[in-house]
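Visitor: I'll drop the sequence and a predicted model, then ask my questions.
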Amino acid sequence: MSTISEKIFSRASGKKAKANDFVIADVDFAMAHDGTSVLAVRAFREMEEEKVWNPEKIVIPFDHLTPANTDTTAALQHDIRGWIKDQGIKNFYDVGEGICHQLLPENGFALPGKLVVGADSHSCTYGAFGAFGTGVGATDMAEIFASGKLWFKVPESIKITAEGKFNKGIYAKDLTLKIIGTLGVAGATYKAAEFYGSTIESLSMSGRMTLCNMAIEMGAKTGIVPPDSTTFDFLKDIAAEEYDPVYADEDAVYSKEYDFDTNELEPQIAIPHQVDNVSDISDIKPTKLDQAFIGTCTNGRLEDLEAAASILKGEKVAIRTIVVPASRNVLIEAIRKGTIETLLEAGVTIGSPGCGPCLGGHMGVIGKDEVCISTANRNFKGRMGTGGYIYLASPATVAASALTGEITDPREI
């Protein structure tokens, strides 16, 4: 009667684990990026630890404020680079390699049945591969660096089933926003969301990553898609180590179950300043825009860029439009396929692989009273700059809106 999460924590803790149990679990892979590694290393030093538990199990990408935007940022990153070298950590991805939640899957660290912990809230992305991926604070990450272990409360699980086929112009981001809008920002608090159904099975790995990435936006501890042939094909030849897929028992106990019909789903928009303030695009009033942004760990992958390019091909954007590929590999492939050329010819600005404007750090911050439509995962007040307004949508909807200068249904382009 076990869920996926209960099985993963049973293996990781070495004892039978059920929902609401407290366990001390062995972490399979640990990640901290340039923002959180600074705090984690500081705590690690304060603990007077000298060596990490296993340098091969630690992954550190620089992605949030890269390239460095101030001398302070540069100094902090310089210090962490020295610590990484001293610790013998090989899995280090410096400026321009890409976003942490893209790099871990690309390099085979997000694996079925594994416990993958990151010092970033969107580490739930790794659940797209059948892992238990979750975020922790920097001091918790310091404990993992030192011991390879951390305590967890095993979450209860909810079952979300989506059946149907997307119509033209509908993408995983639309389903994701629909789910969050239905459950609410706290509807899955400290739960593990397991995703099932024909719609989920038809999603690419990129689409599944979009879905699981935003599980935290409804309060979930993680989002998990059971691994299948799509998962295994992605991981072929790149898996960092051997893995054992885990599946829920047929009689697994879920605290709640939700069902979604995607046959008539239309583009979804999250309205400022809450991610769960979601509406069908047909219910959105004409809204003028100042900026469009396509990228982030939610929607900066190749298929996202291609969706945007298919709409922008041969056209010119009406507003400033920024596209930031999720990784160097994504950028290279998009160049090879001509996708980047199409975007540039349409008047788009291409940023260095990384988080870009998403967190309001630099490169694309919006000004007071400016309005941005974005493929990111959050539209909180002040997220991309003080006093701005952020609407969340799929890459196709963002691209269509960039063409017209106002929120636009991609099915009309």
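Guide: Structure's in. What do you need?
Visitor: C-alpha only now, for contacts and for neighbours.
Guide: Fine.
Visitor: Can you give me the buried ones in stretch 320-333?
Guide: Arg320, Thr321, Ile322, Val323, Val324, Pro325, Ala326, Ser327, Arg328, Asn329, Val330, Leu331 (16 or more other CA atoms under 10 Å).
Visitor: what does whichever strand or helix holds the third one contact?
Guide: What it means is Ile322. Counting by DSSP states H and E, the element that carries Ile322 is strand 320-323. The contact list for strand 320-323, computed with CA atoms under 8 Å, 6 or more residues apart in numbering, reads 290-295, 300, 305, 347-351, 364, 402.
Visitor: show me where the stretch 301-413 of the chain has strands.
Guide: For the stretch 301-413 of the chain, applying DSSP state E, counting those that start in this stretch gives strands covering 320-323, 349-350, 371-374, 389-392.
Visitor: where does the stretch 51-200 of the chain have low pLDDT?
Guide: Within the stretch 51-200 of the chain, the set of residues satisfying pLDDT under 70 is empty.
Visitor: Where do the helices of it begin and end?
Guide: For the stretch 51-200 of the chain, applying DSSP state H, counting those that start in this stretch gives helices covering 71-87, 100-106, 138-147, 172-183, 198-202.
Visitor: what does the stretch 201-350 of the chain give?
Guide: Going by DSSP H, counting those that start in this stretch, the stretch 201-350 of the chain shows helices at 205-213, 229-235, 296-299, 302-312, 328-336, 339-345.
Visitor: pLDDT below threshold where in the stretch 301-413 of the chain?
Guide: Those would be none, if you go by pLDDT under 70 across the stretch 301-413 of the chain.
Visitor: at 90 instead, please
Guide: Scanning the stretch 301-413 of the chain for pLDDT under 90 picks out the ranges 356, 358-363, 380-387, 413.
Visitor: ok so, going back, so which of the contacts of strand 320-323 is the closest to Gly207?
Guide: Top of the list for closeness to Gly207, among the contacts of strand 320-323 and by CA to CA, is Gly300 at 11.1 Å.
Visitor: Quick check: nearest residue in space to that closest one, chain neighbours excluded?
Guide: Nearest non-adjacent residue to Gly300, counting by CA to CA, 6 or more residues apart in numbering: Ala326, 4.5 Å away.
Visitor: Between which two of the buried residues of stretch 320-333 is the distance greatest?
Guide: The span of the buried residues of stretch 320-333, defined through CA to CA, is set by Arg320 and Asn329 at 24.9 Å.
Visitor: buried subset of the contacts of strand 320-323?
Guide: Going by neighbour count (16+ other CA under 10 Å), these have 290-295, 300, 305, 347-348, 350-351, 364, 402 buried.
Visitor: Adding distance to Ile180, write the residues you listed out as TSV.
Guide: As requested, the buried ones among the contacts of strand 320-323 are exported to TSV (distance: CA to CA, whole Å):
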residue	distance to Ile180
Asp290	26
Gln291	24
Ala292	22
Phe293	21
Ile294	20
Gly295	20
Gly300	20
Leu305	24
Gly347	33
Val348	30
Ile350	30
Gly351	29
Gly364	26
Ala402	25
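Visitor: which one of these sits closest to Val95?
Guide: Nearest to Val95 among the buried ones among the contacts of strand 320-323, with distances taken as CA to CA, is Gly351, at 12.2 Å.
Visitor: so what's the closest one closest to, chain neighbours aside?
Guide: Per CA to CA, 6+ apart, closest to Gly351 is Val324, 4.7 Å.
Visitor: Ala270 versus that neighbour, what's the distance?
Guide: 21 Å (CA to CA, to the nearest Å).
Visitor: ditto for Thr397
Guide: For Thr397, the distance to Ala270 - CA to CA - is 12 Å.
Visitor: Looking at the buried ones among the contacts of strand 320-323, spot the one nearest Ile284.
Guide: Nearest member of the buried ones among the contacts of strand 320-323 to Ile284, counting by CA to CA, is Ala402, at 16.1 Å.
Visitor: Tell me who's in contact with the closest residue to that closest one other than its chain neighbours.
Guide: In this structure, Ala402 finds its nearest non-sequential neighbour in Val317, 5.3 Å apart by CA to CA, 6+ apart. Listed by CA under 8 Å, 6+ apart, the contact set of Val317 reads Ala346, Gly347, Val348, Ala402, Leu403, Thr404, Gly405.
Visitor: Ala292 too?
Guide: Neighbour list for Ala292: Ile319, Arg320, Thr321, Ile322, Cys372, Ile373, Ser374, Val398, Ala399, Ser401, Ala402 [criterion: CA under 8 Å, 6+ apart].
Visitor: give me that answer again for 6 Å
Guide: Residues near Ala292 by CA atoms under 6 Å, 6 or more residues apart in numbering: Thr321, Cys372, Ile373, Ser374, Ala402.
Visitor: Now render those residues as a markdown table, adding distance to Gly130.
Guide: What follows is those, written out as a markdown table (distance: CA to CA, whole Å):
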| residue | distance to Gly130 |
| --- | --- |
| Thr321 | 34 |
| Cys372 | 33 |
| Ile373 | 31 |
| Ser374 | 27 |
| Ala402 | 35 |
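Visitor: what's the closest of those to Ala393?
Guide: Of those, the one sitting nearest to Ala393 (CA to CA) turns out to be Ser374, at 6.1 Å.
Visitor: What's the local residue count around that closest one?
Guide: Residues near Ser374, counting by other CA atoms under 10 Å, number 30.
Visitor: what does Lys90 give?
Guide: Neighbours of Lys90 under the rule other CA under 10 Å: 14.
Visitor: Also Tyr243?
Guide: Around Tyr243 there are 11 residues (other CA under 10 Å).
Visitor: need the longest strand for this protein.
Guide: strand 156-163 (DSSP state E).
Visitor: That one versus helix 172-183: what angle between them?
Guide: Relative orientation of strand 156-163 versus helix 172-183 (axes from the mean of the first three to the mean of the last three CA atoms, to 10 degrees): 130 degrees.
Visitor: who does strand 156-163 pair up with?
Guide: strand 191-196 (parallel), strand 256-261 (parallel) (DSSP bridges).
Visitor: With respect to Cys100, which of those strands lies nearest?
Guide: That would be strand 191-196 among these, by CA to CA, at 21.4 Å.
Visitor: got the angle between the closest one and helix 205-213?
Guide: 150 degrees.
Visitor: which residues touch strand 191-196?
Guide: By CA under 6 Å, 6+ apart, the list of residues contacting strand 191-196 reads 155-161, 220-225.
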